[in-house]
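**Student:** Please work out how this folds:
(one chain, ligands or ions: 1)
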Amino acid sequence: MDITNFSYQLPDKRQLFQDLSISFVPGQINILLGVNGVGKSTLLDFIAGVSPNKQAAAFHDFPPMQQVAYQMQGVPFTGATTVLQTLQMMLELDDPSLSVTAADLPATLQPIAHTKFRHLSGGQRRLVMLEGVCHLQRQLYLFDEPESGLDVKVAAQVMHQICQLPAAGKTVILTTHQFENLPVDQTHIALLANQRCVFSGSPQELMALNQTTSLQAAYLQADM
Ligand SMILES: Nc1ncnc2c1ncn2[C@@H]1O[C@H](COP(=O)(O)OP(=O)(O)OP(=O)(O)O)[C@@H](O)[C@H]1O
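**Tutor:** A predicted model of the protein is given here:
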């Protein structure tokens, strides 16, 4: 899955990408890194097809929109539905005959199965959305800062859940600013800076390039 020579100007005429070429590895966890505002979420929007002016010629071998599950930042549900009703609605997107009960939910969600969304904390809302997105049957999963706002223990669980997807042949692209829980095996890193992709490779290659054994240190030393 490649993007080649992709340029994009924001509505206020600032150039966000200039001849951006970037690759993602199918069947792996692809981690999109870069400082705040570099364009990670915008790029996910283009990959997901939610940005209307996608320059199709620059995007190669991505699955069609119907095969993409996208967990955007924020939570798109109103407060009136319960956790179970929300997950049921998401399951029905794939197959109206599917149903979910409280007993099917992971232990973290069972106690809040019948709680309305408006009574959940921000972190709990994110957990529910993650659960729903992971159960959709898609080829490509996009997660925009899936650990943001979560307690360290829950964040580790979230990353563990996401890391199960490649074992089922799925491809993941995620953005993050946290390094603690990032998997280093079967992982591809793409680093955005200065309107381009300035590094593409494994975590080991990024660490070797910057002569460190810490991924976070390698990121901090990278040329951005
Ligand atoms: N609708 C919009 N109109 C104008 N500018 C926008 C719009 N959406 C995003 N931007 C700008 O695009 C730039 C990239 O934003 P984006 O959210 O893609 O960055 P990011 O790398 O995901 O940042 P963060 O790590 O903070 O989430 C930012 O400068 C932002 O202000």
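**Student:** Residues in contact with whichever strand or helix holds residue 141: which ones?
**Tutor:** Taking DSSP states H and E as the criterion, residue 141 maps to strand 140-144. Defining contact as CB atoms under 8 Å, 6 or more residues apart in numbering, one finds that strand 140-144 is touched by 1, 40-41, 44, 47-48, 62-63, 67-73, 130, 133-134, 162, 165, 170-175. The C-beta positions use only the backbone N, C-alpha and C, and glycine is treated the same way.
**Student:** Mind giving me the ChimeraX command for buried ones among these?
**Tutor:** Of those, the buried ones can be selected in ChimeraX as follows, counting by 16 or more other CB atoms under 10 Å:
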select :1,40,41,44,47,48,62,68,69,70,71,72,130,133,134,162,165,170,171,172,173,174,175
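**Student:** ok, and which of the contacts of strand 140-144 reach the ligand?
**Tutor:** 40-41 (CB under 6 Å from any ligand atom).
**Student:** Quick one: mark the members of the contacts of strand 140-144 that sit in helices.
**Tutor:** Among these, the members falling in helices (DSSP state H) are 40-41, 44, 47-48, 130, 133-134, 162.
**Student:** The strand holding residue 141 - what's its average pLDDT?
**Tutor:** On average, the pLDDT along strand 140-144 is 94.
**Student:** Look up how far the ligand lies from the residue positioned nearest the centre of the chain.
**Tutor:** Nearest to the mean C-alpha position of the chain, by CA atoms, centre = their mean, lies residue 143 at 1.5 Å. Here the distance between residue 143 and the ligand works out to 12 Å (CB to the nearest ligand atom, to the nearest Å).
**Student:** Quick check: beta-bridge partners of that residue?
**Tutor:** With DSSP bridges as the criterion, residue 143 is bridged to residue 71, residue 174.
**Student:** Determine the number of other residues adjacent to the closest residue to residue 169 other than its chain neighbours.
**Tutor:** Nearest residue to residue 169, sequence neighbours excluded (CB to CB, 6 or more residues apart in numbering): residue 27, at 6.0 Å. For residue 27, the count of nearby residues is 14 (other CB atoms under 10 Å).
**Student:** Identify the residues contacting residue 27.
**Tutor:** Contact analysis of residue 27 by CB under 8 Å, 6+ apart lists 166, 169-171.
**Student:** Please list the members of those residues that lie in strands.
**Tutor:** Among the contacts of residue 27, the subset assigned to strands under DSSP state E consists of residue 171.
**Student:** Pick the one among the contacts of residue 27 closest to residue 215.
**Tutor:** Closest approach between the contacts of residue 27 and residue 215, by CB to CB: residue 166, at 18.3 Å.
**Student:** which parts of the chain sit against the ligand?
**Tutor:** Residues of the chain lying near the ligand (CB under 6 Å from any ligand atom): 10-12, 16, 34, 36-42.
**Student:** Show me which of the residues you listed are buried.
**Tutor:** Looking at these with 16+ other CB under 10 Å, the buried ones turn out to be 16, 34, 38-42.
**Student:** Tell me how the protein divides into domains.
**Tutor:** If you go by automatic domain parsing, the domain ranges for the chain are 2-63+140-221, 78-138.
**Student:** any low-confidence regions in the chain?
**Tutor:** The model of the chain has pLDDT under 70 over residues 52-55, 74-77, 223-224.
**Student:** Residue 82: which of the ones in helices among the contacts of strand 140-144 is nearest?
**Tutor:** Top of the list for closeness to residue 82, among these and by CB to CB, is residue 130 at 16.9 Å.
**Student:** That closest one: what's it in contact with?
**Tutor:** 71, 143, 146, 158, 161-162.
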